[in-house]
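In: This is the structure alone, sequence omitted:
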């Protein structure tokens, strides 16, 4: 039977174009495996922004308009997104455990948390 295959010249090549190549063949040791993303610091170092005109926008002088979306309200204690506000202390909280913690805080600590948010209010 092998003689029939050789005579018919039906031998397949060692590498078929539609077959996936092994990763080790495609990317030998020490070569990158795809896209290489640069950080902003690397982009800034690679470019010579001193040579560009001052009025041309680039990564150094880029400006954006204010957001159209409202600012997210964050929990003053945990930093998670806060759905609730304590009416007595005006502190924002994310869940009931944080609410219990807020109610047990002394007044001076509440004032410090409010000052961090630039919402300092004198509580009675």
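Out: Great, that's in hand. Only a predicted model underlies this, so the values are computations on that prediction, with no experimental measurement involved. Numbers count the residues shown, from 1 in each chain.

In: C-alpha only now, for contacts and for neighbours.
Out: Will do.

In: Give me the contact list for stretch 84-91.
Out: In this structure, residues lying in contact with stretch 84-91 by CA atoms under 8 Å, 6 or more residues apart in numbering are 75-76, 92-94, 99, 102, 110, 113-114, 123.

In: which two in those residues are spaced the farthest apart?
Out: 94 and 123 (21.5 Å; CA to CA).

In: Neighbour count: those two, which is higher?
Out: residue 94 (20 against 11; other CA atoms under 10 Å).

In: Touching, the more buried one and residue 73? I think so.
Out: No - using CA atoms under 8 Å, residue 94 and residue 73 do not qualify as a contacting pair, with a distance of 9.8 Å.

In: Common neighbours of the two, please.
Out: Taking CA under 8 Å, 6+ apart as the criterion, residue 94 and residue 73 both touch 81-83.

In: Taking those, please make a ChimeraX selection of just the buried ones.
Out: Buried residues among the shared contacts of residue 94 and residue 73 (16 or more other CA atoms under 10 Å), as a ChimeraX selection:
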select :82
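
In: Take the shared contacts of residue 94 and residue 73 and write them to a markdown table, including distance to residue 46.
Out: Supplementary listing: these in a markdown table, determined by distance: CA to CA, whole Å:
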| residue | distance to residue 46 |
| --- | --- |
| 81 | 38 |
| 82 | 41 |
| 83 | 44 |
